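> Sequence isn't available, so here's the structure alone:
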């Protein structure tokens, strides 16, 4: 399979590169060398064979250990590289047979031609800061709406292809609505758009969507995947967390169009900003959304390092589009990232007072230091009520007076030999002080004694009294309730805080027990350096990401935006723009967008609007057999993108189409329908209760992003989603029978179908009108006569089934927990429910086309 | 990317058979509209295009010895000292410290790494010779003993992991931290499926009745990591539907579903004709596959045709849902139906403080079902090309844990431990590798977890260095950059 991949690239680049144009190192040669040679002849000195490296021109032009000169510019036949790749001798041959790598004859010819042309090297394209190239000159009569389209049209002209016509309005508004807010448009919105004669009708739709509070919810989804966000720590106890406060911050920040540089700096280093706000502190939870191992016997320091490694990987993938994990053990084999670079970055995260353990206690919550207590308005009110109750209880039972009386009496009778009611003597420190005559005790000793005795009394003596004395008991119960409430209800977000300075060392083979050289603050050596005087901490790193000459940050983000709206990035390997990444067909466009993003002040909404209003985006996604043959993956962008929506969005679509959707924004996670015993395997542990605390009522119909995400077992109906264990930025869209079973049989979809059918019946009286109503709630567009005929037939066949089996029909109309529409004829309602379920399962409904 | 290429690859073959797929209707849907379910089920090409893709071109790399694998995972760390690796010296020196010269700097879990005593704890029950080969195993394992001539015990397994989740993750995925594809997903990615109405990769879980262990089984143990998610294991659950959402909603019968599906498929086919997107065709076939699974999974779990004698082999729990015995019988039925990789995960071997009571019970629960599965496979002629793996994430310390004067358990121990294998291509009736007289250090033929993974792939006809997937700019494989095939255990 892998072999097909370069061939596809070649097919396009050879169309663009004529025989006379010299080969490009970045496009034509580096991919071959990187894939086949750099592992042994690249920058990692430990793996280098024959003391020969090919990634640097000066080295390639020298003689290796064998005495042969590898590359002789202009003289392919004299170059050992060519002799070796053409050799039949298994001992001579490169790549060696054992490496399982072979060069195609086309690749060999290219290498030969490249040396003949002078063996020129270029720096990897994404490591050079992007420049805004002038827009290509294209036929002015063409379809260009903005800069994006100039690049696409120029390329299509070159390829002798025509762009596809604009998608019809119903399709277009459904596409934009799904892409920008993750919900289907209502039939009214579709009709209004179709009827709007203004030339900027579409732009106004886009602006409405960008201003919707649901925009932030939709845009949070890929960011949550990158941040490996979950509502629990993972592993054995899988303690629940309050990290949803961070999720809400993300939604708010995106809705407010917080510029991406600020959005990032606050998440990476909000705590290091001057006088940080609570929001800026909560933002840093990004880096605490990691797996946390609370297993008994786990070595905390080893776990702490696993957290650090994960943090480095996540940061590098999310902001730099680089895969740095290799450099944990050795210099990167392909990208110019050294092991020192890796640990210099790790150093920035190594100053936090976390210990590698997840915390303990009887609570289902497991919050590891450092954390920030952020009472919500609701919890403040409830806490005040509890505190008032405590006061009342104390006053009613005169508990405090009793406490003080008993404490004084107990202390008065104490000797160094006294035992507490549990039969044990006092703590050694306390007895030592007690032995010191009263007048000789220092103030510090007095204080220590006072505090120590008080705590002994509270735990061992008073607790016994409180069991006997009703007044004391009431007070104690009220206090216990407060402490439980504080533990389980008042949000404590795990955040970043540099409160534990540590030295950081390179680790031999990445093993935490084998530190070698000490490292300090540094950004990656092969990228432009930060200005002198930059803060030597996470803040300095975060600011460095956004300095003007950083070549990666903007490219990485616009590439991911492209993936969001076209299904795939302009560079398909969205997680990696390094040397091993795929050379983009539209590098000029990518760079133009990157510069535009920076120049706009890192405005996400501006960029989203730019892409979504382009003619390129607005093309129909219908494909002719010829175009499919020519460009099966739509790399040339001669048509609109068509792909299945994410399962999280599909669930929202079903809820929205039926009208069940609860549009409430933010708040603690909810527990909608999941299969019986979803967390049953977790019940193996007795340490805590893993019963699924199913929600009821309106909480069943919240948007998918609010569903509680247990890190060890994700929601069963959110298929193809990130496992939320490590950073994930590539969208996965697969098609399996299990997905079909989900959307056909999950109560979420079945209940949505039932409620959609009921509303259609309440809304219209004729069968055709009902079918049309349901159709439009799901798909937006008006059904064609062909669609209507198919729906009628489906409905009649279902009617026949339920007419002959009214008992089954009676079950259908009660699916789920939403109120039953008792006034509707049962068999008709059941039949229409089945048709609605079919509608929700049409490929068209599952796709954004 | 790869997904699309795979689809493309299948498309070519389909096009050759049916002409341009874009003109018409998905083959399976067509068959079902014509009322001919059978035609579709019997066509291997259509099967390949359905939920059960064929493997990669060029695979297997060489003739496989095993076509399918069943992994009987024993979670928690079964004690090699008590079960598989007899050491008379331990009995002779009971209670004395393990010599420091033996212990060296072995990394132990935090439960014992700070200890000052390392009191030798001999095997709690005697060992016995079994079979013609005279293999020595604990007398607590009489049934596994009865198949001694069919198995190979590896006594020189080793791992770097000191704790459960990292250890299991390491064995299953080749890395200690979650995120990589599991063995079964690598196999189904590389080799595809031979079952046309069941997933290629199935996982099942169980635990000891007392739930002493506390070890959980996470879904990334059978996850697909960065491989496309359709290669992940499908976990058959012990409660409710074995596969989520297998049952139709209330009031919707199988007949009703068939008719509704025909209507869905017809509308999808019309849409395909208009849009020309091959993904629509794939969707049509996946919906048909889902329909088939709704029948095949209940059929799989219907034991009514199993003879009494066979059921008895698996022990008294065989009909109790969610037990290891029940899962073993399901495993056999899955393997018979061509499922590529079956991963049974049983918890309960983590005897830190209950060695003298729990270990024997644990053996009782697992000994008969494990042996029964091997015997059943053999009698059906399936053992020759099915690989059976039995073992856990590590072994247990040769010294006792708890009060040094009267230890009652053993801690985790990855420096040396045992597993056993049977079937496809494995040298039967042997023990491979050896530890020193304290069962602490390996003295002969070490087998690292990566070596075991390489060997498993080798038996399936795969060169472990050549089955790779490009992710984040590099080629990943199950064995990371390590692993060598253990030639000494190949038949």
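Received it, and whenever you're ready, just let me know what you need. Keep in mind that this is a model prediction, so the values were computed, not measured. Residues are numbered from 1 along each chain as shown, chains lettered A, B, ... in the order given.
> what sits against residue 178?
As the question left the chain open, I've gone with chain A. If a contact means CB atoms under 8 Å, 6 or more residues apart in numbering or on different chains, then residue A:178 has A:184, A:645, A:649, A:653, A:848 as its contacts. Bear in mind the C-beta positions are built from the backbone N, C-alpha and C, glycine included.
> not what I meant, chain B
A:234, A:291, A:723, A:725-726, B:169, B:218, B:220, B:223.
> Equivalent analysis for residue B:287, please.
Residue B:287 neighbours (CB under 8 Å, 6+ apart): A:737, A:740, A:744, A:841, B:261, B:264-265, B:268.
> let's see it at 7 Å
A:740, B:261, B:264-265 (CB atoms under 7 Å, 6 or more residues apart in numbering or on different chains).
> Let me know the closest of those to residue B:352.
Distance ranking of those against residue B:352, using CB to CB, places residue A:740 first at 44.9 Å.
> Tell me which entries of the contacts of residue B:287 lie within helices.
The helices, defined by DSSP state H, take in A:740, B:261, B:264-265 from these.
> got the residues you listed as TSV, with neighbour count, pLDDT and distance to residue A:259 columns?
Formatted as TSV, those follow (neighbours: other CB atoms under 10 Å in any protein chain shown; pLDDT from 0 to 100; distance: CB to CB, whole Å):
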residue	neighbour count	pLDDT	distance to residue A:259
A:740	26	96	42
B:261	22	97	49
B:264	27	97	45
B:265	26	95	48
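> neighbours around residue A:99, how many?
15 (other CB atoms under 10 Å in any protein chain shown).
> could the contacts of residue A:178 go into JSON lines alongside pLDDT, distance to chain B and secondary structure?
Conversion of these to JSON lines gives the following (pLDDT from 0 to 100; distance: CB to the nearest CB, whole Å; DSSP: H, G, I helix; E, B strand; the rest coil):
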{"residue": "A:184", "pLDDT": "98", "distance to chain B": "17", "secondary structure": "coil"}
{"residue": "A:645", "pLDDT": "96", "distance to chain B": "12", "secondary structure": "coil"}
{"residue": "A:649", "pLDDT": "98", "distance to chain B": "16", "secondary structure": "helix"}
{"residue": "A:653", "pLDDT": "98", "distance to chain B": "16", "secondary structure": "helix"}
{"residue": "A:848", "pLDDT": "96", "distance to chain B": "12", "secondary structure": "strand"}
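> Low-confidence bits of the stretch 451-600 of chain A, can you list those?
The stretch 451-600 of chain A contains no residues with pLDDT under 70.
> Check chain A for its longest helix and report it.
Assignment by DSSP H; longest helix in chain A turns out to be helix A:377-397.
> Residues in contact with the very next helix or strand once past that one: which ones?
Heading C-terminal from helix A:377-397, the first helix or strand you meet, by DSSP states H and E, is helix A:399-412. For helix A:399-412, the external contacting residues (CB under 7 Å, 6+ apart) are A:394, A:453-454, A:457, A:461-462, A:465, A:469, A:471-472, A:475.
> buried subset of those?
Among the contacts of helix A:399-412, those classed as buried by 16 or more other CB atoms under 10 Å in any protein chain shown are A:394, A:453, A:457, A:461-462, A:465, A:469, A:471-472, A:475.
> Grab the nearest non-local neighbour of residue A:546.
With sequence-adjacent residues excluded and distances taken as CB to CB, 6 or more residues apart in numbering or on different chains, residue A:546 is closest to residue A:261, at 4.2 Å.
> low pLDDT regions in chain A?
For chain A, the ranges with pLDDT under 70 are A:1-20, A:296, A:360-362, A:681-687.
> Strands along that one, start to end?
A:371-373, A:492-494, A:504-507, A:515-519, A:643-644, A:847-848 (DSSP state E).
> List the contacts of the second one.
Surrounding strand A:492-494, the residues in contact under the criterion CB under 7 Å, 6+ apart are A:241-243, A:245-246, A:282, A:285, A:288, A:367-368, A:371-374.
> burial of residue A:75, as a residue count?
With other CB under 10 Å as criterion, residue A:75 counts 13.
> Skip the chain neighbours and tell me the closest residue to residue A:541.
residue A:348 (5.5 Å).
> and that neighbour, what is it in contact with?
A:521, A:537-538, A:541 are the contacts of residue A:348 under CB under 7 Å, 6+ apart.
> that older thread, adding mean neighbour count, write the strands of chain A out as JSON lines.
As requested, the strands of chain A are exported to JSON lines (neighbours: other CB atoms under 10 Å in any protein chain shown):
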{"stretch": "strand A:371-373", "mean neighbour count": "17"}
{"stretch": "strand A:492-494", "mean neighbour count": "24"}
{"stretch": "strand A:504-507", "mean neighbour count": "19"}
{"stretch": "strand A:515-519", "mean neighbour count": "14"}
{"stretch": "strand A:643-644", "mean neighbour count": "19"}
{"stretch": "strand A:847-848", "mean neighbour count": "24"}
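> mind putting these in TSV, distance to residue A:136 included?
Output for the strands of chain A, formatted as TSV (distance: least, CB to CB, whole Å):
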stretch	distance to residue A:136
strand A:371-373	51
strand A:492-494	48
strand A:504-507	47
strand A:515-519	46
strand A:643-644	28
strand A:847-848	29
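> picking up where we left off before, doesn't residue A:548 make contact with the residue nearest to residue A:546?
No: Residue A:261 is not in contact with residue A:548 according to CB atoms under 7 Å; the separation is 11.2 Å.
> So for these two, which residue has more residues nearby?
Between residue A:261 and residue A:548, counting by other CB under 10 Å, residue A:261 is the more crowded of the two (18 against 8).
> now that one: how far from residue B:69?
50 Å (CB to CB, to the nearest Å).
> do the same with residue A:136
55 Å.
> Those two: which is more packed in?
A count of neighbours by other CB under 10 Å puts residue B:69 above the other of residue A:136 and residue B:69, at 25 against 17.
> Tell me, how many residues neighbour the spatially closest residue to residue A:772 that is not a sequence neighbour?
Spatial nearest neighbour of residue A:772, chain neighbours left out: residue A:783 (5.8 Å); criterion: CB to CB, 6+ apart. Using other CB under 10 Å, residue A:783 has 17 neighbouring residues.
> Without its sequence neighbours, what residue ends up closest to the residue of the stretch 51-200 of chain B found nearest chain A?
Closest to chain A within the stretch 51-200 of chain B is residue B:109: 3.7 Å, counting by CB to the nearest CB. Spatially, and ignoring its direct neighbours in sequence, residue B:109 is nearest to residue A:297 (3.7 Å; CB to CB, 6+ apart).
> tell me the contacts of the one you found?
B:109-111, B:163, B:412.
> Reformat these as JSON lines; add neighbour count.
Compiled in JSON lines, those are given as follows (neighbours: other CB under 10 Å):
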{"residue": "B:109", "neighbour count": "23"}
{"residue": "B:110", "neighbour count": "16"}
{"residue": "B:111", "neighbour count": "18"}
{"residue": "B:163", "neighbour count": "27"}
{"residue": "B:412", "neighbour count": "27"}
